[in-house]
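>>> Here is a sequence with its predicted model. Questions after.
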Amino acid sequence: HKSEEDQVRVQDWSSFSQYVKKYYFKHGIECTPWAETGRGKPVDPKPPSRPARPLPAWICDLLARERQLPGLNRELPFASSMRASGREASAPMELSSESPGREACQRLLPDAELTAAGLQQTAEVEAVAPNPHLQLPIREWLQVMDDSGFLVQYHDQIVANFDSVEQIHEIYFHNGRLDPVFFEASGVKKLGHRRIFEKWFREHG
C-alpha cells in the first residue's frame, strides 16, 4: 500500500533487500542474474547489424550535438546512419592541456591512436602492480559498491561507454575527486548514488 502512494523510502527497500539476502543465505538459496543464466542455456549470439538507414533531418540535427567522450576510440552508435543521411557525426571531445585526464588517456591509448587523436606521446611509465579493486568486472564492481543492487541499473550505459573500472579511474579520478563528467556519461543523476561512487573511489582508488 505504501509503495502505491509513493511513500517508500530508499532505506526501506535497502532493509528489505538485506532481509531477503539473509533469508536466502540461511536456506542455501542462490540467485543468478537472468541475463547470464536465467534461461538455463547459453546467451544467444549477437545478430548481424542492420544496414544503416537515413534519418530525418531534425533527428540528424539533434544527434549532431552529441560527441564521443575523450579517450574512447570508438565510433558513436549512430555515426553510420548519419553518413547515410549525408551528414557526419561531430568530432570527439578533447581534453585540454591542463586537464589531469589527458595524461591518463595517453597511457591508455596505443601510439597510433594517440597520433590520430592529436595527443603527444609521453615517456613510458614504470610498471606498477595493478590495483585489484580496479580489475573487477563492471557488473561485479557495481554489486560490490552497493549490495542492495540499486547501482546495477547503470551497468548497460557504463559498459557502452567504458571498457573497465581502471579506465574510469584513470580518466576521471584525480586528486581524490571523481569528475562529474563521469556521472553524465553513465546516466547517474541521483545524488545518493553519486556519493556512493565517490566514496568507493576515495577508499579504493
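Everything's here; your move. Numbering: from 1, shown residues only.

>>> burial count for the closest residue to residue 161 other than its chain neighbours?
Spatial nearest neighbour of residue 161, chain neighbours left out: residue 185 (5.1 Å); criterion: Cβ to Cβ, 6 or more residues apart in numbering. Yep, even glycine has a C-beta here, placed from its N, CA and C like the rest. Using other Cβ atoms under 10 Å, the number of residues around residue 185 comes to 19.

>>> likewise residue 172?
Neighbours of residue 172 (other Cβ under 10 Å): 25.

>>> and the next element down the chain from the helix or strand of the chain with the lowest mean pLDDT?
Least confident element among the helices and strands of the chain, by mean pLDDT, DSSP states H and E: helix 111-117 (a mean of 47). Counting by DSSP states H and E, the next helix or strand C-terminal to helix 111-117 is helix 138-145.

>>> Just the residues contacting that next one, thanks.
Helix 138-145 has contacts (Cβ atoms under 8 Å, 6 or more residues apart in numbering) with 33, 136, 149, 151-152, 154-155, 158-159, 162, 164-165, 196-197, 200.

>>> go on, stretch 190-197?
Residues outside stretch 190-197 that contact it (Cβ under 8 Å, 6+ apart) are 10, 145-146, 150-151, 154, 178, 182-183, 188.

>>> Would you mark the buried spots in that stretch?
For stretch 190-197, a neighbour-count test (16 or more other Cβ atoms under 10 Å) marks 193-194, 196-197 as buried.

>>> Of those residues, which belong to helices?
193-194, 196-197 (DSSP state H).

>>> Out of the residues you listed, which comes closest to residue 72?
residue 197 (18.9 Å; Cβ to Cβ).

>>> Tell me how far the closest one lies from residue 161.
14 Å (Cβ to Cβ, to the nearest Å).

>>> looking just at contacts, which helices and strands does the longest helix along the chain meet?
The longest helix of the chain (DSSP H) is helix 10-26. Helix 10-26 sits against no helix or strand, with contacts defined as 3 or more Cβ pairs under 8 Å, 6 or more residues apart in numbering; DSSP states H and E.

>>> Toward the C-terminus, what is the element adjacent to it?
helix 57-63.

>>> Not counting that following helix itself, show me its contacts.
The contact list for helix 57-63 (Cβ under 8 Å, 6+ apart) reads 55, 76, 78, 82, 85, 87, 89.

>>> Let me know the secondary structure of the closest residue to residue 162 other than its chain neighbours.
Nearest-residue entry for residue 162: residue 168, 5.3 Å, with adjacent residues in sequence omitted and distances by Cβ to Cβ, 6+ apart. Assigned with DSSP: H, G, I helix; E, B strand; the rest coil, residue 168 falls in the helix class.
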